Structures are given as C-alpha cells and as structure tokens.
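>>> what follows is a predicted protein model with its sequence.
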Amino acid sequence: MMHRMKKVLVIGASGLVGSRFVELAKNKIDIIPVDEKTLDITNRDAVEVFFKENKFDSVLNFAAITNVDGAEKERDNKSGFTWKLNVIGPQNLAIACKENGRFLVQISTDFVFTGNKEDPGPYSEDHPIPQNNNGIGWYGWTKNRAEKAIQNSRVRNSIVRIAYPFYSTKFDLKLDFAKNYLKLFDDGKLFPIFKDQTITPIYVDDLVEPLVKILDDEIEGTFHLVSRDVTTPFDFVEYLLKKNRNVEGVVKEGSMSEFLKAKGRTPRPRLGGLKTKITQQKLGMKFKTWREMIDEFSK
C-alpha cells in the first residue's frame, strides 16, 4: 500500500525557521503554508472557519513574536500583541484541533525556563515548567503559557522546543544566530561574547527529519530538537569564526551575569539549554553535536 503523504497546515511559514522548514520538507509532507495574511490565529472565528473549509491532518505552529526585548516592553499586558500571538493563537489552534480531530505540533523554546541558579538547565524533556514568571522574560512566559494552554486543552499534541536556530541559506528579514555574529565580525563590531551562558543551538536543516517523523506518526509528547551537547556563545562564536573566517583568538570574553545585573535588562536563561536524550530515544535518531552543526553550516 502506498503511504499517503500527511497533509500539514504550517503556520508562520514565512518566518525565519518556518520558511526554511517548508523549503526542505515539501517533498516529505503535503504542506499548506500560511502566514498572518492568510490566517490570523489570534482570531478564534477565523481559525474555526479555516478548519471547516480546509482539510489537513495536523497543524505545525511556528508563528510567534520572538523578539525578546521587544516582547518585554509589553510585560504583563495580556491585550498586547505578544500575548495574543504567542498564547491566544496556540490556544485557538488547540481548541480547533481538538474539535476537529487534528494533531497539533507547537514550536516552543528553552526560554520557558528561568535558566537561573535556583533551577538551572540544561533541561530534560520532562522537567516541569515554572508556574510563575519570576525571573522569566515576557517572551519566555508567553511561550510557557502556550505550552500550558495546549496541555489543558487535552488536544493530541507535541511540544517541540528549539533554541538559537541558524542555517546557511539567506533569509531577508533578519539574521539568524550564526549569521548575526559573522556580520558583527565582518563589520568590526564584535562585542565580548558570554562565556558563562549555556545554550544548545539548532542547525535548522536538522529539524526536518525529526519534525516530519513526529508529524507523520503523530507522536505525542515533549521533544527537544537541538544539538545533543551544550555550548557557550563564546565557544560557538570562536568555532564559527575559525570555520568561516579562518581566524582564531579574536573573540573577547563577556559575562552574562554582569550583563543581566544592569537595570532594565530583559531576563533570559543564563544556565539554559535543552537535553535531548529522551527525544533521541523516542524518535530513534542520533542528533549532531553543535560543532557538527557548524561544520554543516560552513560547507
């Protein structure tokens, strides 16, 4: 019997990560790509109508306000756009998926955690998310509440956390995690880079296979699609420059603890990052190390 291609509604298909995913996955799953012009997920009626008028098996939601400092300006404002897109949107999708028997995959982040000394990462897939926003930026808190809303809706779902995405092709609207540093270096504006922060980046091309598997088999649970080992921004940038600009020893050490002490700084996970052991076991895959990801990017 021929395997029928799963039909997936991809929301946020024109964003940094979504657009690359669509480009690479379009031969593996049948994609209906939408952006905010086609479907406003913050509008519950619009979501209901769209679900009634279109046939698909599952929904993959990349749509989010991800500007961490921009989001912070709306802190505690539930009528602000960050809350609407990051929380109400996923909630609307969860309700519609539940009512229509569709599977929901929500893209999330390690920013749902504090990443502080009291509750440090890297976090396993089953690590409980905080229930208040002490020490969490507004962006992270909205992503945290979206996870909670989806779980509460009882929809069949998968929460997929990613962090610090980068890829080699061009995206016109903004620079990804790696290209941003390369541009800073090229412009002679590379500032000291944090050596006391832990992160797990993801080369976006490596999202495709695991995400397609989750969508194809409708595997429920919480998954971490990131490098299988932890790094610091300092080590990441050093290796990135070595591989892409052939320079070594030019990166100056910065301190995130110092940076966060300054007044008015947005809280961010300093001791962040995600563990991938459960995800790799559940999906039967072996993820790349962050250095292998940079090697891929550099090719």
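Now that the structure is in, tell me what you want to look at. Numbering: from 1, shown residues only.
>>> quick one: low-confidence ranges for the stretch 151-299 of the chain?
Of all residues in the stretch 151-299 of the chain, none has pLDDT under 70.
>>> tell me where the stretch 1-150 of the chain has helices.
Along the stretch 1-150 of the chain, the segments classed as helices by DSSP state H, counting those that start in this stretch run 16-25, 44-53, 68-72, 81-83, 89-100, 138-153.
>>> out of those helices, which gets nearest to Ser227?
Closest approach to Ser227 among those (CB to CB): helix 16-25, 15.3 Å. C-beta here means a position set from N, CA and C on the backbone, and glycine is covered the same way.
>>> which other helices and strands contact that closest one?
strand 7-11, strand 30-34, helix 208-217 (3 or more CB pairs under 8 Å, 6 or more residues apart in numbering; DSSP states H and E).
>>> and the angle from that helix to helix 208-217?
Here helix 16-25 runs at an angle of 80 degrees relative to helix 208-217 (axes from the mean of the first three to the mean of the last three CA atoms, to 10 degrees).
>>> closest one to Val112 among the helices of the stretch 1-150 of the chain?
helix 138-153 (4.0 Å).
>>> one step back: of the helices and strands packed on helix 16-25, which is nearest Leu240?
Checking those against Leu240 by CB to CB gives helix 208-217 as the closest, at 21.7 Å.
>>> can you list contacts of the closest one?
The contact list for helix 208-217, computed with CB atoms under 8 Å, 6 or more residues apart in numbering, reads 6, 8, 21, 24-25, 28-29, 57-58, 60, 103, 105, 158, 160, 219, 223, 225, 279, 283, 285.
>>> now, of those residues, which are buried?
Among those, those classed as buried by neighbour count (16 or more other CB atoms under 10 Å) are 6, 8, 21, 24-25, 28-29, 57-58, 60, 103, 105, 158, 160, 219, 223, 225, 279, 283.
>>> per-residue confidence for the residue nearest to Arg156 when sequence neighbours are not counted?
With CB to CB, 6 or more residues apart in numbering as the criterion, Arg156 has its nearest non-adjacent residue at 5.1 Å, and that residue is Phe103. Looking at Phe103, its pLDDT is 98.
>>> ok, now the one 10 residues further on?
Looking at Phe113, its pLDDT reads 98.
>>> counting neighbours, what do you get for it?
Using other CB atoms under 10 Å, Phe113 has 26 neighbouring residues.
>>> my guess is it contacts Gly273. True?
No - using CB atoms under 8 Å as the test, Phe113 is too far from Gly273 to be in contact (9.4 Å).
>>> what touches both of those two?
Common neighbours of Phe113 and Gly273, counting by CB under 8 Å, 6+ apart, are 121, 123.
>>> of all the helices of the stretch 1-150 of the chain, which one comes closest to Val230?
With CB to CB as the measure, helix 138-153 is the member of these nearest Val230 (18.5 Å).
>>> so which elements touch the closest one?
Packed next to helix 138-153, using 3+ CB pairs under 8 Å, 6+ apart, are helix 68-72, helix 81-83, helix 89-100, strand 103-109, strand 157-162.
>>> which among the ones you listed is found nearest to Glu253?
Using CB to CB, the helices and strands packed on helix 138-153 put helix 68-72 closest to Glu253, at 22.2 Å.
>>> how far does that closest one sit from its chain's centre?
Distance, stretch centre to chain centre, for helix 68-72: 16 Å (CA atoms, centre = their mean, to the nearest Å).
>>> how about stretch 284-298?
Mean-position distance between stretch 284-298 and its chain equals 17 Å (CA atoms, centre = their mean).
>>> among the helices of the stretch 1-150 of the chain, which is nearest Ala262?
Here helix 68-72 is closest among those (CB to CB), at 12.8 Å.
>>> Ile294 and Glu238 touch, don't they?
No - using CB under 8 Å, Ile294 is not in contact with Glu238, being 10.3 Å away.
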